[in-house]
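Engineer: Quick one, structure for this:
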Amino acid sequence: MKETMPTPIYLKTTTSTNNYLRAYLEEHPDTECWQVVYTDNQTEGRGQRGNIWVSEPGKNLTMSLFFRSSKRREEFHPFDISVFTSLAIRTVIKEYIPRGKKVSIKWPNDIFVEDRKIAGVLIENEWEGSEFKQAIVGIGININQLLFDPKDAPNATSILIEREDGKEVDIYSFMIRCTEEIIKIWRQMKVDFVSPRDEYNNLLYRKDGRLHEFETAEGTLNLLVEGVDVDGMLRLYDPATDVRRKFAFKEVSYIL
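Structural biologist: All right, here's what the predicted structure looks like:
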């Protein structure tokens, strides 16, 4: 599998970079891994849990990336896409904001600065029977936007908000840096899947040894974050029942 970045595809405006890339792949089945599509204006962006992703045109990074895993990597789990994407985005964001600010990964793949969301990822996997085939990784990062509608983004922040110098960030350079870091971490997984997974777990939002409120099918529970399994299941400890529990995506949500 090629592990260099093809020339990114730029769109002035589009409904969704994920949708555009999916259609592009159907027309170009020989598309190389790591192909990126990015836009200044995404009119129908989507987030996790069926939410919309609202972004001020020209102010933020909205992109999609094509990923295909080598079948020889028997240790690969599809959730590893969340691992290397989240780690890469966090690394690059840390390079642009003051060192003292805590940047963590909110399961499964949101990035938070302290208690405010700065980035989100939407991964759409494709399968051939029970075998993973490929994925489209949609990435949205708040970069130069200063004002957010609390109805659409109640706890949002951006790199520009978090910076102390007030200087806007070059979005294209930021995108290239993110993609390079994603490829770098995936390349590391050629020889070592464990270390990136461990680092992801160590950087989990609210994994601090304290109880936090979560919304479950049983109602609101106070639980302790323990980690995430290789299949993406969130492990939480319930001290009220002395039971360790696992939750799949959409079975539990943080109360912020």
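Engineer: beta partners of the residue nearest in space to the middle of the chain?
Structural biologist: In the chain, the centroid-proximal residue (CA atoms, centre = their mean) is residue 121; its distance is 3.3 Å. Residue 121 forms beta bridges with residue 139, as assigned by DSSP bridges.
Engineer: Spit out the contact partners of it.
Structural biologist: Taking CB atoms under 8 Å, 6 or more residues apart in numbering, we find residue 121 in contact with 48, 82, 85, 86, 89, 108, 109, 110, 137, 138, 139, 140. The way it works is simple: take the backbone N, C-alpha and C, and place the C-beta from them, glycine included.
Engineer: can you pull out the helices in this structure?
Structural biologist: For the chain, the helices defined by DSSP state H cover 17-27, 80-96, 159-162, 171-188, 194-202.
Engineer: From residue 97, how far out is the closest residue to residue 64 other than its chain neighbours?
Structural biologist: The shortest distance from residue 64 to any non-neighbouring residue, by CB to CB, 6 or more residues apart in numbering, is to residue 17 (3.9 Å). Counting by CB to CB, to the nearest Å, the separation of residue 17 from residue 97 is 24 Å.
Engineer: more crowded one of those two?
Structural biologist: residue 17 (27 against 19; other CB atoms under 10 Å).
Engineer: Do I have it right that the more buried one meets residue 39?
Structural biologist: Yes - the criterion here is CB atoms under 8 Å, and residue 17 meets it with residue 39 at 5.7 Å.
Engineer: so what sits against both of the two?
Structural biologist: Residues touching both residue 17 and residue 39 (CB under 8 Å, 6+ apart): 11, 62, 63.
Engineer: These in strands, which ones?
Structural biologist: Under the assignment DSSP state E, the shared contacts of residue 17 and residue 39 contribute 11, 62, 63 to strands.
Engineer: Might one say that the last one is in contact with residue 34?
Structural biologist: By that I understand residue 63. No - applying CB under 8 Å as the test, residue 63 and residue 34 come out as separate, 11.6 Å apart.
Engineer: Test my guess that residue 69 contacts residue 76.
Structural biologist: Yes - Residue 69 lies in contact with residue 76 (CB under 8 Å); the separation is 5.1 Å.
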